[in-house]
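Q: mind folding the following:
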Amino acid sequence: MKTSPPADTDEPSQAAQAERARADEAQAEVAQADPAERPPVGRRPFKDRSRALARRWWPAAAECAVAVVTALGFTYWGLTVANSPVTRVGQVSGLSNLQFRLALLVLAIVAVVGWATVRGSERVRAVTIRLAAAAVAGLSTGFLGAGQVFALRGTPWPINGPYGDNNRILGWAEEVLHTGSMDAFYPPAVPYLLGFAAKAGFLDGQPAFGLKWLFIAFVALTGPAAYLAWRSCLSPLPALAVGLLPALQQTLPHKPYSPFVLVVLVPLIAKLLLWLRASPRFTARGTALRGGFLGVAFGVLFLIYSGWHVWSLPGVLIAVLFFYPWQTGRLRGLLFLGSSLVGFLVVAGVYLRVLLGATSTRDQWCSGYTLTEPAYIGTTPLSSRAWDEPGEYPGFGEFAGLHTYAVIVLIGLGIAIALGLRKAVVVAPLACFGSAWLIRFWLAGHMEADQQVQLFPRTMIVIQVTLTALTVLACVFAVQKLAPLVRALPGQVARGPRQFTAVGALLAMALAGGMIGSFFSNQYLPTLPGEKLAGTLAWQSHQFRKPDGACPRYADRGKCKDYPERTIVEEAKAVDKMVCEFPWRKETSGGSVRLLLTQD
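A: The predicted model follows:
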């Protein structure tokens with residue numbers, strides 16, 4: 001009869017060995033991105049430790065600076081584009097000027113990386129690639145920022161002026177300006193920032209004129225933020241691809257803080273899982289500091305936009321159970337999670353209580369997007385022409401109703417799971433996707449009975465961002481698997497560092513950033529309301545007077561609407577039954593059939 005070893009034996013159990021192996025694997029995965037995360041092997045003299053710290057962290061600091069400076073610098077450069085944003089010829093010329101500038105900068109970056117590949121030492125090459133990847137991330141969304149600067153040339157108003165969501169944000173900012181607080185459950189960061197800035201004497205005392213530049217800054221910094229967040233988990237080139245492509249995919253210049261939060265939240269969840277699994281290898285102080293840091297970061301993002309936290313929470317809780325060090329570090333894992341929770345509550349606890357107290361709020365806003373079949377994950381309405389006309393949106397896909405994008409991300413999902421299911425960088429987006437997918441159907445399934453939308457279409461953004469990230473990760477894992485086989489082929493060099501892998505990857509990502517940036521910038525260039533495009537939002541921005549009473553330079557026919565002295569939040573009227581059928585109706589007039597939009 002087989003017996004188990006006594007409790008006081010020195011030999012660890014098989015489960016403990018497996019848990020230790022997983023912790024070692026997590027520590028190695030953490031250290032892959034940055035040597036700073038490797039556990040110390042002994043105490044060295046303070047002078048040596050200071051030099052080592054400086055050697056490790058100055059490239060990281062330079063990487064952050066390059067990403068931010070290139071994004072904001074290229075955005076600022078958009079002020080010098082002197083073409084008209086309201087004529088089609090001027091729009092094409094303006095976008096072409098931005099593309100020409102971007103191409104020159106990318107050529108310079110690629111040339112430097114090529115030189116470092118051929119002539120530089122291993123360290124010079126590594127640092128050059130880090131800085132080049134950061135620059136490409138900054139330039140890609142900096143192009144979007146410059147495109148918004150061009151679209152709003154001559155007007156101080158943000159995209160869509162004081163309409164839509166802007167009306168509510170500016171109304172709450174006015175409350176903060178005049179009372180010091182706001183009475184709403186909406187994420188408070190943007191209204192408070194605008195209100196306090198106006199109260200301090202900036203923005204000429206008008207929060208509206210800070211909203212334009214705040215939105216442009218969010219657009220421009222989305223790429224650097226996503227890249228730097230993924231850099232905490234991945235090496236530079238994979239972090240650039242996994243961070244930038246989903247960030248570019250969900251570009252919403254009229255509400256840019258929403259995708260900004262999402263593309264940063266997902267990699268931070270991956271970092272949470274990494275550090276949780278590796279927590280037995282950290283000191284108690286290091287564990288608490290790491291947990292507190294992530295908690296504060298999650299709290300700041302929650303104050304900017306809280307929806308993504310809600311959609312992702314159930315899946316993340318399940319992922320935490322799988323990554324928790326149950327065998328060898330339960331107390332250390334508990335310390336890490338506890339410090340994370342404390343950091344989050346310190347920053348966002350007050351707002352969380354307000355949000356939990358607003359569960360009776362009813363969302364009854366409907367659109368053609370709300371009425372789309374619930375499993376659709378293709379193009380969004382703002383990237384489709386005349387999406388509120390019958391038959392135009394969403395349309396039919398090439399494969400059994402699925403669009404090419406859906407087919408690609410489904411294949412990527414399967415490959416990512418097959419090659420990296422134990423990796424935190426895969427589990428984090430997978431958990432967010434699965435959670436949003438189930439919540440989407442649960443909310444939509446109750447829409448008719450409860451007569452509420454409950455923002456279920458917003459889950460589409462989470463689904464697309466996470467599936468795109470998983471697809472890019474699948475490509476990264478596949479390349480890592482195939483690279484040794486390719487190098488082993490006859491005639492191939494044995495060492496990879498002297499190959500031009502980085503040059504090719506950076507050039508491809510830069511071109512993708514420029515092309516996608518040009519597409520979305522073009523979508524938001526001013527167009528007349530009759531065109532039913534996203535450019536209508538920018539057209540509205542040119543139709544309101546400036547603070548000095550003059551009309552914006554490109555106001556329609558030189559006429560504009562009066563400047564609102566104070567924005568008041570428009571209250572949505574609750575109804576017993578939502579007006580939420582197809583947004584068109586047939587009306588016969590003079591023997592012909594016309595399709596007219598109904599007012600929801």
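Q: residue contacts, the residue sitting nearest the centre point of the chain?
A: Closest to where the C-alpha atoms of the chain average out (Cα atoms, centre = their mean) is V263, at 2.5 Å. By Cβ atoms under 8 Å, 6 or more residues apart in numbering, the contact set of V263 is 222, 225-226, 229, 243, 246-247, 250, 465. Any C-beta I mention is one placed from the backbone N, CA and C, and that applies to glycine too.
Q: L152 now?
A: Neighbouring residues of L152 by Cβ under 8 Å, 6+ apart: 85, 158-159, 212, 216, 538, 541-542.
Q: quick one, phi psi at it?
A: Main-chain torsions, L152, degrees, to the nearest 10: phi -100, psi 20.
Q: for it, give its distance to P162.
A: 14 Å (Cβ to Cβ, to the nearest Å).
Q: now G210
A: G210 is 13 Å from P162, by Cβ to Cβ.
Q: for S306, same thing?
A: 24 Å.
Q: swap in I129?
A: For I129, the distance to P162 - Cβ to Cβ - is 45 Å.
Q: pretty sure N83 contacts G154?
A: No - here N83 does not reach G154: they are 11.5 Å apart, not a contact under Cβ atoms under 8 Å.
Q: more neighbours: those two, which one.
A: N83 (18 against 15; other Cβ atoms under 10 Å).
Q: tell me who's in contact with the more buried one.
A: N83 neighbours (Cβ under 8 Å, 6+ apart): 90-91, 93-94, 97, 150.
Q: with A198 instead?
A: 173, 177, 205-207, 210.
Q: quick check on these: which are buried?
A: Applying 16 or more other Cβ atoms under 10 Å to the contacts of A198, the neighbour count classes 173, 177, 206-207, 210 as buried.
Q: which residue in the residues you listed has the weakest pLDDT?
A: Minimum pLDDT for these is recorded at Q206 (79).
Q: how about residues contacting stretch 117-130?
A: 59, 62-63, 112-113, 116, 236-237, 497-500, 502-503, 506.
Q: out of the contacts of V263, which sit inside helices?
A: 222, 225-226, 229, 243, 246-247, 465 (DSSP state H).
Q: same list (the residues you listed) but as JSON lines, adding distance to V407.
A: Below are these laid out as JSON lines (distance: Cβ to Cβ, whole Å):
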{"residue": "T222", "distance to V407": "27"}
{"residue": "A225", "distance to V407": "30"}
{"residue": "A226", "distance to V407": "25"}
{"residue": "A229", "distance to V407": "28"}
{"residue": "G243", "distance to V407": "23"}
{"residue": "P246", "distance to V407": "18"}
{"residue": "A247", "distance to V407": "22"}
{"residue": "V465", "distance to V407": "18"}
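Q: which one of the residues you listed is nearest G295?
A: Lowest distance from G295 to the ones in helices among the contacts of V263 (Cβ to Cβ) belongs to A229, with 15.4 Å.
Q: tell me the spacing between that closest one and C64.
A: 11 Å.
Q: so for these two, which residue has more residues nearby?
A: A229 (23 against 15).
Q: what residues does the residue nearest to the more buried one when sequence neighbours are not counted make contact with?
A: Using Cβ to Cβ, 6 or more residues apart in numbering and skipping the chain neighbours, the partner closest in space to A229 is P267 (4.0 Å). Taking Cβ under 8 Å, 6+ apart, we find P267 in contact with 226, 229-230, 232-233, 242-243, 425, 428.
Q: any chance of these in TSV, plus distance to P188 and pLDDT?
A: Below are the contacts of P267 laid out as TSV (distance: Cβ to Cβ, whole Å; pLDDT from 0 to 100):
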residue	distance to P188	pLDDT
A226	23	96
A229	22	96
W230	27	96
S232	27	93
C233	29	94
V242	30	96
G243	27	95
V425	31	96
A428	26	97
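Q: same question for the helix or strand hosting L95, mean pLDDT?
A: Element membership for L95 (DSSP states H and E) is helix 88-119. Across helix 88-119, the average pLDDT comes to 95.
Q: how far off centre is that helix?
A: Using Cα atoms, centre = their mean, to the nearest Å, the mean C-alpha position of helix 88-119 is found 24 Å from that of the whole chain.
Q: cool, and stretch 313-324?
A: 21 Å.
Q: so which bits of that stretch are buried?
A: Under 16+ other Cβ under 10 Å, the buried positions of stretch 313-324 are 314-316, 319-320, 323-324.
Q: in helices, which of those fall?
A: 314-316, 319-320, 323.
Q: return the member of those residues nearest to I411.
A: Distance to I411, by Cβ to Cβ, is smallest for G315 among these, at 21.4 Å.
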